[in-house]
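Undergrad: Give me the fold of what follows.
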Amino acid sequence: MIQRIQTAYLITSTLLLGLLLRFPLADIMFQNEYYAFNIFGIHKGEETIFNGISLLIFLIFIMLIQVVVIFFYKKRIRQIRMLVFTMILLLGLFGLFFYFAQAAFDGAVTSYKIPVAFPLVAIILDYLAIRNIGKDEALIRSLNRIR
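TA: This is a model prediction of the structure:
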């Protein structure tokens, strides 16, 4: 059902990932110059140093999967499988943040911001959703045994 607690977890997780579109991920100092790293890439003022379109597409794909999972409420096992896949993708997104920040410049000083942790919080929320979906599945199976 849509009004279950796991739906709240999934919506919160999706909104948290949506905030990555708005906030910067890190500040990079390289050769006494300041660069801003966000989901769209690494920028120096208005100039784009590194295009992050792959990060953006990856993030939108993850968010799309989470929205689709919400509407699979009648297929609980499929929901669980898709959420495990999403958790793996979120770990990959988290790793890509660090890879892009470190690979852009050799020897740069990187100062990460709080939004970098949003994928980890989304993983925790997805795990909580999986637990509650599992409880619903166990409840449905127990009710089928009684009949």
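
Undergrad: mind saving the C-alpha coords of the helix or strand of the chain with the lowest mean pLDDT as CSV?
TA: Every helix and strand in the chain was compared by mean pLDDT, DSSP states H and E; the lowest is strand 47-51, with a mean of 85. Below are the C-alpha coordinates for strand 47-51, written out as CSV (Å, rounded to 0.1, in the frame of the first residue of the first chain):
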residue,chain,number,x,y,z
GLU,A,47,33.9,28.1,-16.7
THR,A,48,33.3,24.4,-16.6
ILE,A,49,36.6,22.5,-16.0
PHE,A,50,35.2,19.0,-15.8
ASN,A,51,31.7,18.0,-17.1
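
Undergrad: Give me the below-cutoff pLDDT ranges for the chain.
TA: Within the chain, the ranges that satisfy pLDDT under 70 run 1-2, 146-147.

Undergrad: If we use 80, what do you get?
TA: 1-3, 104, 144-147 (pLDDT under 80).

Undergrad: ok so, going back, continuing past the least confident helix or strand of the chain, what's the next helix or strand?
TA: Read in the C-terminal direction, the helix or strand following strand 47-51 is helix 53-70, with elements assigned using DSSP states H and E.

Undergrad: Residue 80 versus the residue sitting nearest the centre point of the chain, what's the distance?
TA: The C-alpha lying nearest the average C-alpha coordinate of the chain belongs to residue 119 (CA atoms, centre = their mean; 4.1 Å). Using CB to CB, to the nearest Å, residue 119 is found at 19 Å from residue 80. (Glycine included, C-beta is placed from N, CA and C.)

Undergrad: ok, then the element right after the helix or strand hosting residue 98?
TA: Assigning secondary structure by DSSP H and E places residue 98 in helix 76-103. Per DSSP H and E, the first helix or strand lying C-terminal to helix 76-103 is strand 109-112.
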